[in-house]
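Peer 1: Sequence and predicted structure below; questions after.
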Amino acid sequence: MMKMKRLVLLTGLVGLAAAASVASAETLRLLTWSDLAPEALVQKFRQETGIEVQVTLSNNEDIISRLRATGGAGFDLAQPSHDRIVGPQADFRIYKPLDLSRVKLSQFTPGLLEATKASTTIAGKVYALPFTWGTLGVLTNHAKAPKVSSIADLCADAYKGRVAMRIRRPALMLMAFAHGDDPFAAYGEPDKYQAIIDRAGQRLAACKAHVKAYWNNSDDLLNMMRSGEIVATEGWDSHAFKLQGEGMDIGYDKNPLGWINTFVLPAKGRADGAAYQWIDFVMRPENAALIMQSSSNMTASVGAQDVAPEKLRQSLQRIYSPQAIASIRWFPQIPAGLELREGKVLDRVAAQ
């Protein structure tokens, strides 16, 4: 009888230990962009920490939509752009402030760190840290479209049927700037801003007859540029880097729009500890360099560029000279309600 009791007790202890092990195994639910969480890094993180990472690929609009629908639940770490923090937080309360004492801030490039903190501080609390950064503008096959310098040039008869773009917010902003308007400066003046985006929308609509295709994913854009089907397009700097790396002579916008992808904590995330560990992990230079390679984006990690592949470093240096960096128009925080106005304008463009 005593042996039987000891066996039952031992079995129970083993079961409790197994249950405790399962309970302690954390999962980080990450809502991020394509190529910012490569599988090699996910595996490396799991090996180092024991934490599983569930990656859901998204974009700015989808990130906000998902978190809005759940009140900030369903994910433990998200990566919207820096201009999508203050407005959505004011409207929907979908984020929670960061505890900076739990992050190795020395791993962040000081200028980007301070700029991001300043633009995402609400009531004295910081809501975001910088991760990757880059720009969007117009890229060209320089040999076939040497005179294209802005999105307005995509509407020239000389390139009719050989250009691509998207009916999205970036194209609206680029078109406004190309015709001498400054939409960012009008953020605080709703009527003036409406007039600017109305004019830009009309120009995008008038340009539709010149557009070969409206691209939906990077592979489509890259393949059209490679084949010569198009000679110029609205796109990201990462597209230019990839095509340059393949030996194409690619020109890029001299006045692009700049963005910073961030780290934010969803309001109802349940694995903050795992989130902070992932942030520290991916900001280590050797890991951030792998993200640079997979995404062709710059990172806010100190030293990452020094250990990135030589070909990528050369492309970065070619596009981002000190003068080019000084010419970037960084997206400011979007005030509440502005994107609804833009959405109506873009809907009209799409319907025409």
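Peer 2: Thanks, I have it. Here the structure is a predicted model, which is why all the values come from computation and not from measurement.
Peer 1: Could I have the CA atoms of stretch 339-352 written out in CSV?
Peer 2: Below are the C-alpha coordinates for stretch 339-352, written out as CSV (Å, rounded to 0.1, in the frame of the first residue of the first chain):
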residue,chain,number,x,y,z
GLU,A,339,-7.1,59.6,-42.8
LEU,A,340,-10.9,59.5,-43.1
ARG,A,341,-10.7,62.6,-45.4
GLU,A,342,-7.9,61.0,-47.4
GLY,A,343,-9.8,57.7,-47.7
LYS,A,344,-12.8,59.5,-49.3
VAL,A,345,-10.5,61.2,-51.8
LEU,A,346,-8.8,57.9,-52.7
ASP,A,347,-12.2,56.2,-53.0
ARG,A,348,-13.2,58.8,-55.6
VAL,A,349,-9.9,58.3,-57.5
ALA,A,350,-10.5,54.5,-57.6
ALA,A,351,-14.0,54.9,-58.8
GLN,A,352,-13.1,57.1,-61.7
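Peer 1: Figure out how far that stretch is from the centre of its chain.
Peer 2: Average the C-alpha atoms of stretch 339-352, do the same for its chain, and the two points are 22 Å apart (CA atoms, centre = their mean, to the nearest Å).
Peer 1: Can you give the contact residues for that stretch?
Peer 2: Where contact means CB atoms under 8 Å, 6 or more residues apart in numbering, the residues beyond stretch 339-352 that reach it are 87, 167-169, 172, 190, 193-194, 197-198, 200-201, 204-205, 208. Glycine gets a C-beta too; all of them are placed from N, C-alpha and C.
Peer 1: who wins for neighbours among those residues?
Peer 2: Leu204 (28 neighbours; other CB atoms under 10 Å).
Peer 1: correct me, but it touches Leu172?
Peer 2: Yes - judged on CB atoms under 8 Å, Leu204 makes contact with Leu172 at a distance of 6.7 Å.
Peer 1: Can you give the distance of stretch 145-161 from its chain's centre?
Peer 2: Its chain's average C-alpha position is 27 Å from that of stretch 145-161, according to CA atoms, centre = their mean.
Peer 1: So what touches it?
Peer 2: With contact meaning CB under 8 Å, 6+ apart, stretch 145-161 is reached by 137-138, 140, 162-163, 165, 171, 174-175, 177-179, 203, 206-207, 209-212, 231-234, 251, 253-255.
Peer 1: got it, and stretch 111-119?
Peer 2: For stretch 111-119, the external contacting residues (CB under 8 Å, 6+ apart) are 82-83, 85-86, 105, 126, 128-130, 133, 260, 262, 300, 332-333.
Peer 1: what do you get if the cut-off is 6 Å, keeping everything else the same?
Peer 2: Residues from elsewhere that reach stretch 111-119, judged by CB atoms under 6 Å, 6 or more residues apart in numbering: His82, Val126, Ala128, Pro130, Ile260, Ala300, Gln333.
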